[in-house]
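> Attaching a predicted model along with its sequence, questions to come.
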Amino acid sequence: MDGGVPNIKKWVVVYPVYINSKKTIAEGRRISVEKGCENPTCIEIGDCCSHLKLPFAIEIDKAYPRDFMQVGRVRVLLKREDGSLCNPAIPSRKQLMLHVAELVPRHPGRTKKQEPASTSNAATSKSGKGGKKKR
C-alpha cells in the first residue's frame with residue numbers, strides 16, 4: 001500500500017453509515033435494509049476489505065458530513081492505475097458495499113461482542129418515584 005499512498009485521494013470512500021441498516025436513506029444509507037448490517041465500524045469494514053483482497057486505508061480522523069458524530073471512513077482501491085480491477089468479483093462501489101455488508105456480521109470481533117448483549121436482555125424493571133401525586 002505504500003506505493004498507493006499519494007493516489008489515495010482517488011480511492012473509493014466507504015463510510016460505515018452507507019451499510020448501516022439502522023439508518024434511513026435520508027441519513028445516508030446506500031443499500032437496502034435487508035442487505036445492510038447493524039452499526040458497522042470502519043475497523044470491521046477494513047477487515048472485510050482485506051478478506052476480499054482489496055487495498056484499503058482507514059481514516060479515523062474523518063467524519064461523515066451528515067452525522068459528524070460518526071467518525072471514521074475507509075478508502076478502498078477498486079481499480080488499479082491501468083484500469084484493471086483489483087478483485088474481479090467487485091466491479092463497482094455498490095458491489096463493494098453489498099459484499100462488505102454481507103461479511104461484517106460474520107466478523108470475529110462482532111460475534112464475541114454480541115453474545116454478552118443477548119444474555120443481558122432481561123433488564124430489571126425501573127422503580128421510579130412510585131405514587132406521588134400532584135395537587
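Arrived safely.

> Do a quick rundown of the strands in this protein.
Counting by DSSP state E, the chain has strands at residues 12-14, 56-64, 67-76.

> Identify whichever of these lies nearest to V100.
In terms of C-beta to C-beta, the element of the strands of the chain nearest to V100 is strand 12-14, at 7.0 Å. C-beta here means a position set from N, CA and C on the backbone, and glycine is covered the same way.

> buried set for that closest one?
Residues 12, 14 are the ones in strand 12-14 that count as buried (16 or more other C-beta atoms under 10 Å).

> so what's the residue nearest to the spatial centre of the chain up against?
Centroid-nearest residue in the chain: P16, 3.0 Å away (criterion: C-alpha atoms, centre = their mean). P16 sits next to 39-42, 45, 64, 70, 72-73 when contact means C-beta atoms under 8 Å, 6 or more residues apart in numbering.

> Now render the strands of the chain as a markdown table, adding mean pLDDT and distance to A26.
Output for the strands of the chain, formatted as a markdown table (pLDDT from 0 to 100; distance: least, C-beta to C-beta, whole Å):
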| stretch | mean pLDDT | distance to A26 |
| --- | --- | --- |
| strand 12-14 | 94 | 19 |
| strand 56-64 | 94 | 13 |
| strand 67-76 | 92 | 11 |
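
> Now render those strands as JSON lines, adding distance to C49.
Listed next are the strands of the chain as JSON lines, based on distance: least, C-beta to C-beta, whole Å:
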{"stretch": "strand 12-14", "distance to C49": "8"}
{"stretch": "strand 56-64", "distance to C49": "4"}
{"stretch": "strand 67-76", "distance to C49": "5"}
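
> among the ones you listed, which is nearest T24?
Set against T24 and scored by C-beta to C-beta, those come closest in strand 67-76, at 11.3 Å.
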